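*Asks:* Could you work out the structure for the sequence below:
(chains A and B)
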Amino acid sequence: MDFLNLIWLIPLYPLAGSVLMLFIGRKLEHGHKNNVIGTICAGLVGVAFVHAIGAVVQLVSAPGHFFEKPLYTWVAGLQFHMANGALSRFTADFGYMLDPLSAVMVLVVTGVGFLIHVYSIGYMAHDHGFYRFFGYLNLFMFNMLTLVLASNYVLMFVGWEGVGLCSYLLIGFYFQKKSATDAGKKAFVVNRIGDAAFIIGMFYIFATFGTVNFHHVTEAARNGDLGYGSFVATMITMMLFIGATGKSAQIPLYVWLPDAMEGPTPVSALIHAATMVTAGVYMVARSNALFQLAPDTMHVVAAIGAATAIFAASIGLVQTDIKRVLAYSTVSQLGYMFLACGVGAFWVGIFHVQTHAFFKALLFLGSGSVIHALSGEQDMRKMGALANKIPWTFRFMAAAWIAIAGIPPLAGFFSKDEILWQAFNNEWNGKILWLVGFITAGMTAFYMSRLMFLTFFGKSRVDHEVEHHIHESPMVMLAPLGVLAVLSVVGGWWKSPLEHWLEPVFEHVKSVPATAVEAAGSMEYVLMGLSIGVALAGIFLARYFFLSNPAASERLAANWPGLHRLLLNKYYVDEVYSAVFVDGPVMGKQLGSALSAFDATVVDGGVNGAGWFARGTSSISILWDSWIVDGAVRAVGFVTKLLSFPMRMIQTGFVQNYALAIVGGVLLLGYYLLK
Amino acid sequence: MDFFREHILSFTLFYPLVGVVLVLLPKKDEHVRWLANIWSFAGFLLSLPLVFWFDKNADGMQFQERVNWIPSIGATYHLGIDGISFLLIMLTTLLGFISILCSWSAITTRVKEYYAFFLLLQVGMLGVFMSLDFFLFYVFWEVMLVPMYFIIGIWGGPRKLYAAIKFFLYTLVGSVLMLLSILTLYYAYHTQFGQYTFDIIDLLRVNLPRHTQIWIFLGFFVGFAIKVPMFPFHTWLPDAHVEAPTAGSVILAGVLLKMGTYGFMRFALPLAPLGASDDRIVKLMVTLSLIGIVYGALVSLMQKDWKKLVAYSSVSHLGFCTLGIFAMNPNGLAGSLVQQINHGISTGALFLIVGIVYERRHTREISEYGGLSSIMPIYATLFMIVTMSSIGVPALNGFIGEFTILQGAFEANHLWAGIAVSGVVLGAAYMLWLYQRTMFGPLSNPKNQSLKDLNVRELAVLLPLIAWAFWIGLYPKPYFDILEKPVAKIVERVHPGYYAKAAAAEHATMEPQHPAQVASPPDASAEDHTAHAAAEAGAAK
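*Replies:* From the prediction side, this is the model:
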């Protein structure tokens, strides 16, 4: 079977699932056939995974490790002038492509996606709207696969917006809850700010290269069609990067992600940890040929990545909601990925996307299992001592915990350590970037350990009613956890093969090859030792505060009340944003209200005023007409009448009077003539 | 058959007029209803052959019919269509049928007159898009006002008289100024060629200095800008929409507004090219468009009335359409027309959606609703799709239009695109908030708890529009193919030489993988509009 030529089927499998759910899903659910729904939807993603494996295997032997399949001309616009004055055509194909980079992404997306689908069958079993959930989830898979397999920017944007839409629908899945629908809306609108920049970025690409096809743009950029450090290069990449900060939750557009935890936990795992939020990293990596021509943007990417990493991690230190901790952790880890891209180590960014997908999906699903066991409780202050009660969940999560903390030989260690090493060697502020990443690593180990200790160790703080309901999750949920646990352990072991595999995509990239470790001498080992050290320190510090000496953590919070409150309230960013943009005068409701009033009074007032004016002048005209114009007419009549008064006196109609007048006249005439 | 083919425009145009007479005959309302629906559906079918016979490669007007009408003043009965009018005619015949179908249970008084007016309206609208003679055009332009006036004034809401009179007078004021421009051209033609004609094709030959053309353009502008409506001439629109019955709103938004944008593309730009492309005029037009986009969206955000919200969103969407027109390049113009169709589809559908619950609840207050998803799942699903279409989510129609317009604007001036793109964000904000307030949340209002989901007729009204939305979203190529020739004509009028570099740059189109070859020396692009605009944008920053 020619998996490569049929590559367009990969996104189509889950799309078929969602269309099926649209038409027959409700019937199935009402007929209590949830297992049929689950089997169809998860099965189709499984099929997509198998197809993807087949396609990637065939890609290995394909020439240049590159395959493109244009299906038809989709955006078929007309001619336009490029920036250099030449005429080109505004077109974009509906077409898919597979190269080493999208191969990694497609495997992660379908693989992890499949596991999460299976898990959801158990997790969502008791929820109303089961078919709706799976329909959305499958639609998400279609869009995500379109995003990673698209052969050009505009089609990528289809997936990009599509995943945003599904994210909106899934965050607001419990649509009767206002906080859930608020969060969905917030996610969509904040993402749209990034999308607007993305659109402008695409126009710059069109204007510069006359095409948006990834392959052609990359070739042209490498052939020197875009000047190094030129204004256009900076604009293109800055716009794309702003787009990425929306989707991948970086400063300043990260605010939607923590709220997105309102969605069901499998959604958080799939969309808001493993796949969708990494789309920004993928997009930046996909555009690596452009970013390398824009050193200024690269600095911004690195700085924003590092800043987001430490900023989000610091908030994660004090959160009490288990999913919120994981959400801030995700923001922080995404910051690491951008840090890697910003220092030119795109492959490491993708490597971290992959390892993070494993352990973060596992952490979310594990926390879902905990929440499931505790009948919906998410507050870690009401957990504790669960290790024995839900042992498998604990064991699997522990693997993810060690992995994210950065302890070798688990997955997270390899990717994170590589990021720190690449940052350290960066020409632009390498040492500072490294230091920020290094401190973040310590914080990561600390807050993850805190999460684990508060949840699984110590004394039980679980509510009494909840306590006797605690149960281990069913097999259908545990099995995916198990697979992810294995991947979290081994997921970093193929670092060098992966780097080699991704080489054709990132050629000409000036990063430090991993193979240069020997050449770099002892420095690499020193740094590696340091990062292991800081991870261990974080774990032991957390152990001291939250296990051995719980009073100490309260004392700490009490001694630094300002700082604690600042972190607990997430630096008040949400409050500032909503005061300024949502309710405030800059944009949003206040401005909208003011303009509505303006519209009703001034603009429409002008129209109504014109109407009043017309009616007013018409009334005056009536008065004028009846008094002045008609008055003049009547005055003429009156004057005539007045003047005619003497005459009228004569016209009496009596013959005698006339005879008298005639006689008088004759006499007068006679006198005149005879005189 | 040949006879039909040659006169298909006349058939399509006057067929509804026969219906006007026919619906007056039956005695029972029920019979009138059936007759009107069947008649208008057949009218749609009658226009379908155009789809097959229309030749996208033909230059100039097609299906032309020309008969002398009033020879003494040079008025002719001249019909003809190109790609621009073709698409608008198809939109009109489809929406004409849909709006009649959606009135089935909404209209219970004066049924006969209602359908008669609707069919008459159809004649007026089709006539406007088909006329190639100004006299004829003006007749249809004014004729169309009358039925709409009565539709709002008789079957409208509480403030129907205010709204109807405002609509009528406002449009009339504009058309009088437009008439002045027409007459200027008319007499100028006589001065230059020694005879009187209202024929638009002939009038294209008139040669006038820039300042005269500016005045001609301004006359057209007032007429068309009121119709579009462009900021600040838009305030009749919310009133008319809120008071009009559902079908009236659908036609008003779907077709009537397009007459303004159509007027710009067919008359104002080609007949006064020097005026339209004057730097001050372009700046003014673009400024008004950009204000319309942002302002319309912001005002939408705070509306408490569902229909009013959709009405203001039209101001924002039409702002995109006029922005595309005044970008005056192929993608701006073509994108604008596609977006006009899109607006007809998605805003038409939005008004249908409001109408469906209005018929059940008789209120348009957003706060009266909430949680409808739980009891009206099919309704909620379709509303979601229409919302996505309206806010321009790709794979649906809205994206194709907005994206192409924005590209055109970007080509003309980076800053324009930068400002307009904010409409994309705001659009999502007001639509999603509307959706949240009406569809999500608990079903707390007891009056909503027994609402019924869509019936078959309501589905039949919405599904064609949704199917069309997906078609344009997934395969818009036929539309751009159809628009390529007519748009090129307009661009050649306002920017002569736009395509001149085509031959030199053909290379670039053929082999986009080597764009290095198309780099031209800087002096070649010195007088280029793009470079010009880019420089301006640079200066603006």
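*Asks:* Which residues of the stretch 251-400 of chain B lie near chain A?
*Replies:* Counting by Cβ under 8 Å from any Cβ of the partner chain, the residues of the stretch 251-400 of chain B lying close to chain A are B:295, B:298-303, B:329-331, B:334-335, B:371, B:373-374, B:377, B:381, B:384, B:388, B:393-395, B:399-400. The way it works is simple: take the backbone N, C-alpha and C, and place the C-beta from them, glycine included.
*Asks:* excluding its backbone neighbours, what's nearest A:Pro408?
*Replies:* Counting by Cβ to Cβ, 6 or more residues apart in numbering or on different chains, A:Pro408 lies nearest to A:Ile532, which is 6.7 Å off, once chain neighbours are set aside.
*Asks:* can you list the domains in chain B?
*Replies:* Chain B breaks down into these domains under automatic domain parsing: B:303-474, B:515-540.
*Asks:* Would you point out the helix or strand in chain A whose mean pLDDT is lowest?
*Replies:* Lowest on mean pLDDT, DSSP states H and E among the helices and strands of chain A sits helix A:517-520, with a mean of 52.
*Asks:* avg pLDDT for the helix or strand following it?
*Replies:* Note on helix A:517-520: by DSSP states H and E, the next helix or strand toward the C-terminus is helix A:522-543. Across helix A:522-543, the average pLDDT comes to 89.
*Asks:* ok, the lengthiest helix in chain B near chain A or not?
*Replies:* Secondary structure of chain B per DSSP state H: the longest helix is helix B:160-193. Yes - judged by Cβ under 8 Å from any Cβ, helix B:160-193 and chain A are in contact via B:166, B:169-170.
*Asks:* how close does B:Leu269 sit to B:Phe224?
*Replies:* Counting by Cβ to Cβ, to the nearest Å, the separation of B:Leu269 from B:Phe224 is 10 Å.
*Asks:* Please say which of the two ends up with more neighbours.
*Replies:* Taking other Cβ atoms under 10 Å in any protein chain shown, B:Leu269 and B:Phe224 do not tie; B:Phe224 has more neighbours (27 against 24).
*Asks:* Regarding the more buried one, which helix or strand does it belong to?
*Replies:* Mapping B:Phe224 onto the secondary structure by DSSP H and E places it in helix B:210-227.
*Asks:* Just the angle for that helix relative to helix B:160-193, thanks.
*Replies:* Relative orientation of helix B:210-227 versus helix B:160-193 (axes from the mean of the first three to the mean of the last three Cα atoms, to 10 degrees): 160 degrees.
*Asks:* what residues does whatever helix or strand comes next after helix B:210-227 touch?
*Replies:* Tracing the chain C-terminally past helix B:210-227 and defining elements by DSSP H and E, one meets helix B:236-243 next. By Cβ atoms under 8 Å, 6 or more residues apart in numbering or on different chains, the list of residues contacting helix B:236-243 from outside reads A:607, B:152, B:156-160, B:162-164, B:166-167, B:170-171, B:226, B:229, B:249, B:252-253, B:257, B:305, B:307-308, B:310-312, B:314-315, B:351, B:364.
*Asks:* What of stretch B:204-213?
*Replies:* Outside stretch B:204-213, the residues within contact range by Cβ under 8 Å, 6+ apart are B:184-185, B:188-189, B:192-193, B:216, B:270-276, B:278.
*Asks:* Of those, keep whichever come out buried.
*Replies:* Buried by 16 or more other Cβ atoms under 10 Å in any protein chain shown: B:184-185, B:188-189, B:216, B:270-276, B:278, out of those.
*Asks:* Switch those over to CSV; also include distance to A:Thr278.
*Replies:* Formatted as CSV, these follow (distance: Cβ to Cβ, whole Å):
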residue, distance to A:Thr278
B:Thr184, 62
B:Leu185, 60
B:Ala188, 64
B:Tyr189, 65
B:Ile216, 57
B:Pro270, 50
B:Leu271, 54
B:Ala272, 53
B:Pro273, 51
B:Leu274, 53
B:Gly275, 53
B:Ala276, 48
B:Asp278, 50
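*Asks:* so which of these comes closest to A:Tyr153?
*Replies:* Using Cβ to Cβ, B:Ala276 comes nearest to A:Tyr153 of the buried ones among the contacts of stretch B:204-213, at 32.9 Å.
*Asks:* What score does B:Glu402 have for pLDDT?
*Replies:* On the pLDDT scale, B:Glu402 is placed at 94.
*Asks:* Now it: closest residue in space, sequence neighbours ignored.
*Replies:* Going by Cβ to Cβ, 6+ apart, B:Glu402 has B:Gly392 as its nearest residue, at 4.5 Å.
*Asks:* B:Gly398 is in contact with the one you found, correct?
*Replies:* Yes - B:Gly392 is within contact range of B:Gly398, at 3.8 Å (criterion: Cβ atoms under 8 Å).
*Asks:* Who are the contact partners of residue 309?
*Replies:* This is for chain A. A:332-333, A:335-336, A:339, A:436-437, A:440.
*Asks:* The intended chain is chain B.
*Replies:* B:Leu309 neighbours (Cβ under 8 Å, 6+ apart): B:300, B:303, B:366, B:430, B:434.
*Asks:* What number of residues are in the vicinity of residue 108?
*Replies:* No chain in the question, so chain A it is. A:Val108 is flanked by 26 other residues according to other Cβ under 10 Å.
*Asks:* wrong one, chain B
*Replies:* B:Thr108 has 10 neighbours, counted by other Cβ under 10 Å.
*Asks:* Would you quantify the distance from it to chain A?
*Replies:* Look at B:Thr108 and chain A: by Cβ to the nearest Cβ, to the nearest Å, they are 32 Å apart.
*Asks:* tell me the contacts of that residue?
*Replies:* Neighbour list for B:Thr108: B:Asp29 [criterion: Cβ under 8 Å, 6+ apart].
*Asks:* Dihedrals phi and psi, it?
*Replies:* B:Thr108 adopts backbone torsions of phi -120, psi -10, taken as degrees, to the nearest 10.
*Asks:* With B:Asn68 instead?
*Replies:* According to degrees, to the nearest 10, B:Asn68 has phi -70, psi 140.
*Asks:* in which helix or strand would I find the closest residue to it other than its chain neighbours?
*Replies:* Computed as Cβ to Cβ, 6+ apart, the closest residue to B:Asn68 that is not its neighbour in sequence is B:Thr76, at 5.6 Å. Assigned by DSSP H and E, B:Thr76 belongs to strand B:75-81.
*Asks:* buried stuff in that strand?
*Replies:* By 16+ other Cβ under 10 Å, the buried positions in strand B:75-81 come out as B:75-81.
*Asks:* ok, these vs chain A, which is closest?
*Replies:* B:Ile81 (19.5 Å; Cβ to the nearest Cβ).
*Asks:* Report the beta-bridge partners for that closest one.
*Replies:* B:Gln62 (DSSP bridges).
*Asks:* With B:Arg66 instead?
*Replies:* Beta bridges link B:Arg66 to B:His78 when assigned by DSSP bridges.
*Asks:* From B:Glu6, how far out is it?
*Replies:* Distance of B:Arg66 to B:Glu6, given as Cβ to Cβ: 11 Å.
*Asks:* ok, back up a step: remind me what the helix or strand that the longest helix of chain B is followed by packs against, helices and strands.
*Replies:* Downstream of helix B:160-193, the next assigned helix or strand under DSSP H and E is helix B:200-203. Counting contacts by 3 or more Cβ pairs under 8 Å, 6 or more residues apart in numbering or on different chains; DSSP states H and E, helix B:200-203 is packed against helix B:134-143, helix B:160-193.
*Asks:* can I get the ones you listed in TSV with distance to A:Ser120 and mean pLDDT?
*Replies:* TSV is the format used below for these (distance: least, Cβ to Cβ, whole Å; pLDDT from 0 to 100):
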stretch	distance to A:Ser120	mean pLDDT
helix B:134-143	58	93
helix B:160-193	51	91
